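Novice: Got a sequence here, can you build the structure:
(chains A and B)
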Amino acid sequence: METRFALLFFLSIALLSTPVFSDLVITKVDRKIDLTSHIVRISSTLKVENAGPDVVSQILLTFPEYQAKKLAYLTASSTEGKGKSKGSSANLPVEVVQPDGVPPALTFYSVSLPRGLGKGESLNLDIFGVLTHSLQPFPEEITQADVQLVLFQDSAHYLSPYEVKAQVLSIKLPSPRVESFTKIQNAKLVDSEIKYGPFENLPAFSYSPIIVHYENNRPFAVATELLREIEISHWGNVQITEHYKLEHGGARTKGGFSRIDYQARPHVRGASSFRRLMVKLPPRAHSVYFRDEIGNVSTSHLWADSRKTELEIEPRYPMFGGWKTFFTVGYGLPLHDYLFESDGKLFLNISFGSPIAEVVVDNLLVVLPEGSKDISVSVPFSVKQWEEVKYSHLDISGRPVVVLEKKNAVPEHNSHFQVYYKFTSFSMLREPLMLISGFFFLFVSCIIYMHADLSISKSSASYLAKLQWYEVQATVQKLHEIMVRCLTVHDKLEASLRDLSRTGDVQACKAMRKAADGLLKELSKDLKPLLVFLQSSPQAAQIYQKVEELVVKEKELQEKLMSKHTMVVEAYEKKSAGRELENRIAALQQKLTALRQEVDDLLDVIDEI
Amino acid sequence: MAALENAKGTALRYACGNVLSFFILILIGVLAFSIRLFSVIKYESVIHEFDPYFNYRVTQFLTKNGIYDFWNWFDDRTWYPLGRVIGGTVYPGLTLTAGSLWWLLNSLNIPLSVETVCVFTAPIFSANAAWATYLLTKEVKGTGAGLTAAVVLAMVPSYISRSVAGSYDNEAVAIFALIFTFYLYIKTLNTGSLFYATLNALAYFYMVCSWGGYTFIINLIPMHVLLCIVTGRYSSRLYIAYAPLVVLGTLLAALVPVVGFNAVMTSEHFASFLVFIILHVVALVYYIKGILSPKMFKVAVTLVVSVGVVVCFAMMAVLVAMVASSPTKGWSGRSLSLLDPTYASKYIPIIASVSEHQPPTWPSYFMDINVLAFLVPAGIISCFLPLSDASSFVVLYIVTSVYFSGVMVRLMLVLAPAACIMSGIALSEAFSVFTRSIKFQMPKLLDDSDPVPGDITSGNSVVQSNQTKVEKHSAADKSEGTLKERPQKKSKKKEKEPLEKASIKSQIEKKLLVLPLESSVLAILLLVLLGAFYVVHCVWAAAEAYSAPSIVLTSHSHDGLHVFDDFREAYAWLSHNTEVNDKVASWWDYGYQTTAMANRTVIVDNNTWNNTHIATVGTAMSSPEKAAWDIFNSLDVKYVLVVFGGLVGYPSDDINKFLWMVRIGGGVFPHIKEPDYLRDGQYRIDSQATPTMLNCLMYKLSYYRFVETDGKGFDRVRRTEIGKKYFKLSHFEEVFTTHHWMVRIYKLKPLKNRIRGKTKKSKSSPKTSGSKKDERVKKNPWH
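Specialist: Predicted coordinates:
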């Protein structure tokens, strides 16, 4: 409906007598429309001649509104020299103008010439425009097995506010399969190319609508939203993360999707779908990943050589008309390839658009490191731009973020842009230093905590009791040591007895006893103050019983042992190893063993304290 | 002087030992964490399986909307049209843990996604669990046993199976909470400190938040208290360890919405209150015993007992009446199936249908705890030498958990820490015995010819020299047999049993056997070999058996690794290419994944709280097309998702789960009769299959156009050709099938004209098949 309405509208425009804008005459127009992909590229070469007396410094280009809305990219360049040797082809500034007295259905772009065009002078002008979403699928809904047919409409005549002397139009199609095209005079289909013209001497604003209905199964991949995040780390990395919301922008699929049909003959049953996309990454890209919100997508391949890195990605499912998907591609780039320095300022020089060839609505983020200042951006085309702050990786003040937003971006926008900023390399060390000092203070505080006495009141009962308890413990420990030494002496005595039985050296044994006796006395002397202390201490009340018992038992043991020792030694001296003596010794020994056992147990108990 | 030096030396040695064990513990933590990363390295950092997806979704909600919205969350994207009150029916421990972890990291500006935090929560907490095991075992048997147990637990396969990176499930956190609660209980029991008792109640609260298995704690601890009382080990420490736990713990547990009044009303908690009363009675008795003379006490006992018995009987009668009045006797289904292992299979097919609720097989013990199974008895024995309060608790723990693990595979997880503690004790004791034997005999070997220096003056002789001296004298002792008394006799019997020694170390050692050098060296070698085998097995289990995330499958073929990522393909498709409010019906296994990954409303999910609803879906799946369409349409379902493994041989697909759909459906809707689907007592899909089977929705959706793949319709899971090969779907339409056909999504066709005539037909057909069934039932020996 819309199309038809537009056609009627323009027919009427063409009939209108419109004001003549200047005395320019276009002597020759050569238009080429490339319809092979879903992006329409129109390149026209104009030869403009000034027929009037005034010097002209602006040339107007006209697009009908329905095209102007979808015009993503427009450049004009002039070539001075004649023939094919195009010497200097500088891009000329193009801007939208709205001259008086023209209907709003036409959009005018004005190309400013580098220098005025004098009377009789002529100029070659190359216009390159890119249209998106201009191929209308018809029928709008197809099944899995159908091929995708699209409509493209334009004018056979070059729409211009100037008189056009001679013109040709050629439309390049992806395949010779054409459903229909508007047949006006001089129209013919050769291979996969439709030619209109030549037309001669047409007045200004002449318009002759044409429609091409043809088969186009190229991937209609449309990123409805793309968020590119470029994060600079001065530690040597530029991290790029691209979040895609991708859609198949062609004819919608109706009916179900049958895997068996698709698998059996994917080119016939599923001709309009696409499975894989090629991502051309910059050389030396590393740590490439391809995932979506539920994890890694395993269907991807990566090839890398010194000049380029190519990543072939395959969304989780084949994309049919109207199907959507979401994924993220991320990679790192070496910093020194993209960050340069000029006049004390650093600048990042990196390409703007997506590495995948398709239509995108772009939203680009550039994240600069923490502490950057004086940020300015230079982009070769107009974008919306603002600044944000992002917090990441232990930031305190946050990283400045430059956001550039561009709607309707096409691969032609993939030119480099620059972000200038100032950065001191000390800021780079901020986070490591923060971590180091953080850990340092942690350890220091641990040490302080371990050494500090944190009890609230130094005079409280429980604190004093605790101190006393420590003293008691220390005393008990000492006591324990003394006891152990006593027992060692006992063992020595026993050993001397055994030596006696082997060697019969009575004197040595006696000496041994003397030494042991002295030692034991000394030890018991040591023991006394400890016992006194324990007795006096209220904390040790419970322990004291045990300790006392232990001391008593030990004394007893000592005595018994001594008596046994003397007995045996005497027996040796007298050489009277009588049975009676043996019995006595045995009885003594029994007691000794029992006592020893008790002492040991008590020692265990005390040791546990 | 010597003593002082010695004391200094021991202090230094203790300090060194502490530092060493600190570093060992850190390494154990690293080990526990890193052994669980195989899944991330081999696959990817992704949430695993089914339940973790739900927990992940809840965590996402928590981090996005905050804690108050979380408590009040009514989820309308599941159990359509009923919905589910998530805040009140979920154990929030895991979610809150991961949520606060995420919050902490993000407030430090460390930009980790919720998913990453969730993936790594389980490994982090298994490191914590290893440390908690160290603490617990240290309380029971000392540092050496603690370290050994911690190492063993760090890599026990049973625990790894539930805590690999990505396995974001309650158990991951709960096992730590369980061990830590036990540790604090033992710590309180050993110290009698009220501080630890309070901590214990808090740890118990954390456990209640985390997992339904908290009932194990609240039954095991009372059992132990009762054991202590019965064996005469009552002390004030026991009182402090238990009474605050019950009071504070119950109060805190009632704060958790999912538990609420269950903390005082269900029979699972009954034991704790009974023991609480008994403990007080015992405490009272001890108190009275202290203030009365023995005679008076006897009188008082007879008086109290006669009155008390009467009162007790009255109370018991009331209680029994109250419990008996409730249909399940106050027990939840899962707890009942613990007490009676056959309960679930008899009454609740939905519990029985979960594979992890089945009793384990013997190989699964070997798989999950490996050599620990052989070490546990040794550990139990060494717990009795000597038996303390703490070691009796550990013994009780292992005994009960062995029983529970025998009932349900899932509870193998509770057994694992107990087995690790026991094995740690066993290994450490064995090592200390053997190394000591070697240590005693090494000097003998070395300085056999040296005469012993008679160090009379120095009070402290070193153990070794003392020992050698004793050994040297043994020859002399023999000649002088008359002077030798009991200890010598003992030593003769035990041959190389050392004689009494003076130093305190030898005091303890005296009680142990010193084994021959050769055999102890050999034994140590064998033990090391056993340990090595265990480590190898654990690493294998972690790397191969338990690291698969189950949503991504891989297979090795001759041309390399093949990845089956069909589930995510289907979920991604649903998520991006259907309307936000469309309802998707599938068997309940895929409910959590569908809500989490595809963000679509489901009819039933893995939280099997409403049996009727699940039975409705089961009925629809086992009904003929038209009847199923009616059921689904009445539930507003737009898409039906089935999992089909027949093309690539994926065994856990819906056809293999079909028997549960029939059973659960038939349990509620009697017109679904299991015998209709059975031929010779088996579910068959080949040419022998029953017509009911071949006409049911599940069969049709699974095998729709399957025959066109290879021309025969050969099902690689069932290893047979399918029964009905060519058929058309009248009420459903295929909208998506994944690359390997593992997930197939169908759309309900809109209502057509003249549907009435068809309904009549389909109504009449089940009746006829029903009459056929009755005959078959009688013939069928299976039923």
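Novice: Give me the distance from stretch A:342-350 to the chain's centre.
Specialist: Offset of stretch A:342-350 from its chain centre (C-alpha atoms, centre = their mean, to the nearest Å): 24 Å.
Novice: what sits up against that stretch?
Specialist: A:230, A:232, A:238, A:338-341, A:366, A:374, A:416-423 (C-beta atoms under 8 Å, 6 or more residues apart in numbering or on different chains). For glycine as for every other residue, the C-beta is placed from the backbone atoms N, C-alpha and C.
Novice: and it, which residues are buried?
Specialist: By neighbour count on 16 or more other C-beta atoms under 10 Å in any protein chain shown, the buried set for stretch A:342-350 is A:346, A:347, A:348, A:350.
Novice: what kind of secondary structure is the last one in?
Specialist: In terms of secondary structure, residue A:350 is strand; the call rests on DSSP: H, G, I helix; E, B strand; the rest coil.
Novice: ok, now the first one?
Specialist: Assigned by three-state DSSP, the conformation of residue A:346 is strand.
Novice: number of nearby residues for the nearest residue to residue B:141 once chain neighbours are set aside?
Specialist: Closest residue to residue B:141 apart from its sequence neighbours, by C-beta to C-beta, 6 or more residues apart in numbering or on different chains: residue B:425 at 4.9 Å. Applying other C-beta atoms under 10 Å in any protein chain shown, we find 29 other residues in the vicinity of residue B:425.
Novice: tally of neighbours for residue 24?
Specialist: Here I'm looking at chain A. 25.
Novice: hmm, I had chain B in mind actually
Specialist: Residue crowding around residue B:24 was assessed by other C-beta under 10 Å; the count is 16.
Novice: got a pLDDT number for residue 474?
Specialist: No chain specified, so I'll use chain A. With respect to pLDDT, residue A:474 has a value of 84.
Novice: not what I meant, chain B
Specialist: Per the predicted model, pLDDT is 39 at residue B:474.
Novice: How far does the lengthiest helix in chain B sit from its chain's centre?
Specialist: For chain B, the helix with the greatest residue count under DSSP state H is helix B:412-446. Taking C-alpha atoms, centre = their mean, one finds the center of helix B:412-446 at 27 Å from the center of the full chain.
Novice: What are the buried residues along that helix?
Specialist: For helix B:412-446, burial by neighbour count (16+ other C-beta under 10 Å) applies to B:412-431, B:433-434, B:436-438, B:440-441, B:443.
Novice: and what of stretch B:202-211?
Specialist: B:203, B:204, B:205, B:206, B:207, B:208, B:209, B:210, B:211.
Novice: What ranges in the stretch 301-450 of chain A fall below the confidence cut-off?
Specialist: For the stretch 301-450 of chain A, the stretches with pLDDT under 70 are A:357-371.
Novice: which residues in it form strands?
Specialist: All strands of the stretch 301-450 of chain A, identified by DSSP state E, counting those that start in this stretch, fall at A:309-313, A:324-334, A:339-342, A:345-351, A:359-367, A:373-378, A:384-390, A:399-409, A:416-422.
Novice: So which of the buried residues of stretch B:202-211 would count as near chain A as well?
Specialist: With the criterion set as C-beta under 8 Å from any C-beta of the partner chain, no member of those is near chain A.
Novice: Closest to residue B:605 out of the residues you listed?
Specialist: residue B:211 (19.1 Å; C-beta to C-beta).
Novice: Isn't residue B:589 up against residue B:660?
Specialist: No. Between residue B:589 and residue B:660 there is no contact under C-beta atoms under 8 Å: 9.7 Å.
Novice: coming back round to it: among the strands of the stretch 301-450 of chain A, which is the most enclosed?
Specialist: Neighbour counts (mean count of other C-beta atoms under 10 Å in any protein chain shown) averaged over each of the strands of the stretch 301-450 of chain A peak at strand A:359-367, with a mean of 22.
Novice: Reformat the strands of the stretch 301-450 of chain A as JSON lines; add distance to residue B:529.
Specialist: What follows is those, written out as JSON lines (distance: least, C-beta to C-beta, whole Å):
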{"stretch": "strand A:309-313", "distance to residue B:529": "49"}
{"stretch": "strand A:324-334", "distance to residue B:529": "46"}
{"stretch": "strand A:339-342", "distance to residue B:529": "57"}
{"stretch": "strand A:345-351", "distance to residue B:529": "59"}
{"stretch": "strand A:359-367", "distance to residue B:529": "55"}
{"stretch": "strand A:373-378", "distance to residue B:529": "65"}
{"stretch": "strand A:384-390", "distance to residue B:529": "55"}
{"stretch": "strand A:399-409", "distance to residue B:529": "56"}
{"stretch": "strand A:416-422", "distance to residue B:529": "63"}
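Novice: and residue A:305, how many neighbours?
Specialist: If we define neighbours as other C-beta under 10 Å, then residue A:305 has 8 of them.
Novice: Report the contact partners of it.
Specialist: residue A:283.
Novice: For it, give its distance to residue A:416.
Specialist: 22 Å (C-beta to C-beta, to the nearest Å).
Novice: Then residue A:518?
Specialist: Residue A:518 sits 99 Å away from residue A:416, going by C-beta to C-beta.
Novice: Let me know the closest of the buried residues of stretch B:202-211 to chain A.
Specialist: Within the buried residues of stretch B:202-211, the smallest distance to chain A is 23.4 Å, found for residue B:203 (C-beta to the nearest C-beta).
Novice: For chain B, give me the ranges with low pLDDT.
Specialist: Looking at chain B by pLDDT under 70, you get B:1-8, B:326-339, B:341-348, B:444-513, B:753-783.
Novice: Tell me which stretches of it form strands.
Specialist: B:74-75, B:84-85, B:553-557, B:560-564, B:583-585, B:601-602, B:637-643, B:678-679, B:682-683, B:714-715, B:720-721, B:732-737, B:743-748 (DSSP state E).
Novice: Give the next helix or strand downstream of the helix or strand bottoming out on mean pLDDT in chain A.
Specialist: Sorted by mean pLDDT, DSSP states H and E, the helices and strands of chain A end with helix A:2-15, the least confident at a mean of 47. Counting by DSSP states H and E, the next helix or strand C-terminal to helix A:2-15 is strand A:24-34.
Novice: ok, and for the helix or strand following that following strand, which residues are buried?
Specialist: Note on strand A:24-34: by DSSP H and E, the next helix or strand toward the C-terminus is strand A:40-50. Neighbour counts over strand A:40-50 (16+ other C-beta under 10 Å) mark A:40, A:41, A:42, A:44, A:46, A:47, A:48, A:49, A:50 as buried.
Novice: What distance do you get for the third one to chain B?
Specialist: Right, residue A:42. According to C-beta to the nearest C-beta, to the nearest Å, residue A:42 and chain B sit 33 Å apart.
Novice: Would you indicate which residues of stretch B:673-685 are buried?
Specialist: Quick answer for stretch B:673-685 (16+ other C-beta under 10 Å): B:673, B:674, B:675, B:676, B:677, B:678, B:679, B:683, B:684, B:685.
Novice: right, I mislabeled it, should have said stretch B:356-376
Specialist: In terms of neighbour count (16+ other C-beta under 10 Å), stretch B:356-376 has its buried residues at B:357-358, B:360, B:365, B:367-373, B:375-376.
Novice: Likewise for stretch A:275-294?
Specialist: A:277, A:279, A:281, A:282, A:285, A:288, A:290, A:291, A:292, A:294.
Novice: shouldn't the third one be in contact with residue A:309?
Specialist: By that I understand residue A:281. Yes. The criterion here is C-beta under 8 Å, and residue A:281 meets it with residue A:309 at 4.0 Å.
Novice: what sits in contact with each of those two?
Specialist: Jointly contacting residue A:281 and residue A:309 under the rule C-beta under 8 Å, 6+ apart are A:288, A:331.
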